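>>> Structure for this input, please:
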Amino acid sequence: MAGRRAGLKRPALLVRNGVIWQLLAGNRVASSVAMTCADPIRVTSVQDAARLLAPTFEGAARERLAILYLGADRVVLGLSETRLGPEAAIELPMRPIIADARRLRAASMILAHNHPSGDPEPSAVDVAVTAAFRDAAAVFGIRIEDHLVFAGGHLRSFRSLGLL
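So this is what the prediction gives:
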């Protein structure tokens, strides 16, 4: 579902934290690919990932999902942002996310989403979906480095909680 087949429109540019991202805005999934950056951005900690991803969730009234695609050297290759439906109908669009990771030749990914309820604790559904996503990505040799949950000014890391 990547590229024109997914109904993606003309690219737009977004500057976030000094990085220029090329946005390909679609109906349900918006893919972003890093275009240029003065210095490569490395993500070596939860704090690094949180700094890059937190603006995606600020003021979001609905659940959103963001993915950082990382190279083997932990340099950010791209960013994908997706708006999710109502809590009862949350779907993780695995196929397009993994397709983007393969296209970018990502060695790993960091998943992140918000809980508009304000409770940052991962739900049972979050844990189950993350495990399924980890297994699906592993088929292609892609590692899920972490899954971060942003809520109420707090952050939870699946890796730090022992869930990954």
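>>> all contacts plus neighbour counts: C-alpha atoms, from now on.
Fine.
>>> Where do the strands of the chain begin and end?
Along the chain, counting by DSSP state E, strands occupy 12-16, 19-24, 29-36, 64-70, 76-83, 108-114, 143-151, 154-157.
>>> Quick check: chain neighbours aside, which residue is closest to Phe150?
Nearest non-adjacent residue to Phe150, counting by Cα to Cα, 6 or more residues apart in numbering: Asn114, 4.5 Å away.
>>> Leu79 now?
Closest residue to Leu79 apart from its sequence neighbours, by Cα to Cα, 6+ apart: Leu68 at 4.7 Å.
>>> Just grab the bridge partners of that neighbour for me.
Taking DSSP bridges as the rule, Leu68 bridges to Leu79, Ile110.
>>> what's the neighbour count on it?
Residues near Leu68, counting by other Cα atoms under 10 Å, number 26.
>>> Just to check, it is in contact with Val75?
No: using Cα atoms under 8 Å as the test, Leu68 is too far from Val75 to be in contact (9.8 Å).
>>> longest single helix anywhere in this protein?
Scanning the chain for the helix with the most residues, using DSSP state H, yields helix 124-138.
>>> So what touches that helix?
Residues from elsewhere that reach helix 124-138 (Cα atoms under 8 Å, 6 or more residues apart in numbering): Leu92, Met94, Ile98, Arg143, Ile144, His147, Leu163, Leu164.
>>> Sounds good, over and out.
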